[in-house]
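Asker: Fold the stuff below for me.
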Amino acid sequence: MKKVFIGLGAVLLCLLLALLACVTFSREGFLPGFLSVGAYPVRTGVYGDLLPRGSLALTEKDPALSMGDIVVLPMGGERVIGSVLTAEEDSLTVRVADAELRADASQVLGRVYYELDGLGDFCVTLKNNRTAVWCALALLMAAAVAFVVTIPSRRHKAEVKKLIELFDYYGNKFDEEEKDIEY
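Answerer: Residues are numbered from 1 along each chain as shown. I've put the predicted structure just below:
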């Protein structure tokens with residue numbers, strides 16, 4: 001039974017890594033666009049300890065933005081992180097690095113609500129090395145298949161080993177009993 005759980009765990013790990021690969025290959029940030037949350041790497045250390053460089057900023061769609069919120073905006077094909085200076089009904093003034101820019105509230109991809117330190121660089125590395133991700137996934141899937149396929153032969157070997165041990169034990173026991181008997 002233990003081996004079944006190990007096999008199921010390996011299959012679940014493969015599925016999780018496949019999901020990670022799908023997330024890695026997303027064009028908009030790191031999560032699919034139909035979700036109400038997003039994940040974006042922090043590429044500069046402008047926000048210091050609040051959002052350290054290399055972390056992963058998790059965002060959510062929030063229509064009610066206020067001064068001080070940290071948001072993600074599209075800018076020239078890239079996603080930038082900025083701090084809201086002023087928020088009016090449909091427009092915002094956002095500080096991005098050393099510049100201030102005006103943006104429509106509808107342009108905001110999300111408000112940062114959490115950061116995962118160090119995970120942004122990891123995700124960027126995965127996104128830039130897609131071949132390596134596919135190779136790792138293929139090797140993991142091959143290992144899972146090999147594990148599942150060899151379960152019956154491993155069970156058979158264990159049963160044979162147990163039988164040999166039993167024959168050896170009872171054979172030695174019989175020899176001990178027979179040594180004092182003369183025929």
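Asker: quick check: mean pLDDT across the longest helix seen in the chain?
Answerer: Longest helix in the chain by number of residues, with DSSP state H as the criterion: helix 151-178. Helix 151-178 carries an average pLDDT of 84.
Asker: same for that helix, what does it pack against?
Answerer: helix 2-24 (3 or more C-beta pairs under 8 Å, 6 or more residues apart in numbering; DSSP states H and E). For the C-beta atoms, the positions are set from N, CA and C on the backbone; glycine is no exception.
Asker: avg pLDDT for the helix it packs on?
Answerer: 70.
Asker: immediately after it, which helix or strand?
Answerer: Under the assignment DSSP states H and E, the closest C-terminal helix or strand after helix 2-24 is strand 37-41.
Asker: Can you name the residues in contact with that following strand?
Answerer: If you take C-beta atoms under 8 Å, 6 or more residues apart in numbering as the criterion, strand 37-41 is touched by 28-31, 54-61, 72, 79, 81, 109-110, 120-121, 123-124.
Asker: How is the chain partitioned into domains?
Answerer: Here the domain assignment for the chain is 1-32+129-165, 36-117, based on automatic domain parsing.
Asker: JSON lines please, covering these and showing distance to residue 172.
Answerer: Formatted as JSON lines, the domains of the chain follow (distance: least, C-beta to C-beta, whole Å):
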{"stretch": "domain 1-32+129-165", "distance to residue 172": "11"}
{"stretch": "domain 36-117", "distance to residue 172": "61"}
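Asker: and the closest residue to residue 47 other than its chain neighbours, backbone torsions?
Answerer: Distance criterion C-beta to C-beta, 6 or more residues apart in numbering; nearest residue to residue 47, sequence neighbours excluded, is residue 70 at 7.0 Å. The phi and psi values for residue 70, taken as degrees, to the nearest 10, are phi -100, psi 130.
Asker: mind checking how far residue 70 is from residue 44?
Answerer: Distance from residue 70 to residue 44, counting by C-beta to C-beta, to the nearest Å: 13 Å.
Asker: what is residue 103 paired to in the beta sheet?
Answerer: Under DSSP bridges, the beta-bridge partners of residue 103 are residue 92.
Asker: now do residue 75
Answerer: Beta-bridge partners, per DSSP bridges, of residue 75: residue 78.
Asker: surely it meets residue 96?
Answerer: Yes. If you go by C-beta atoms under 8 Å, residue 75 and residue 96 touch, sitting 7.0 Å apart.
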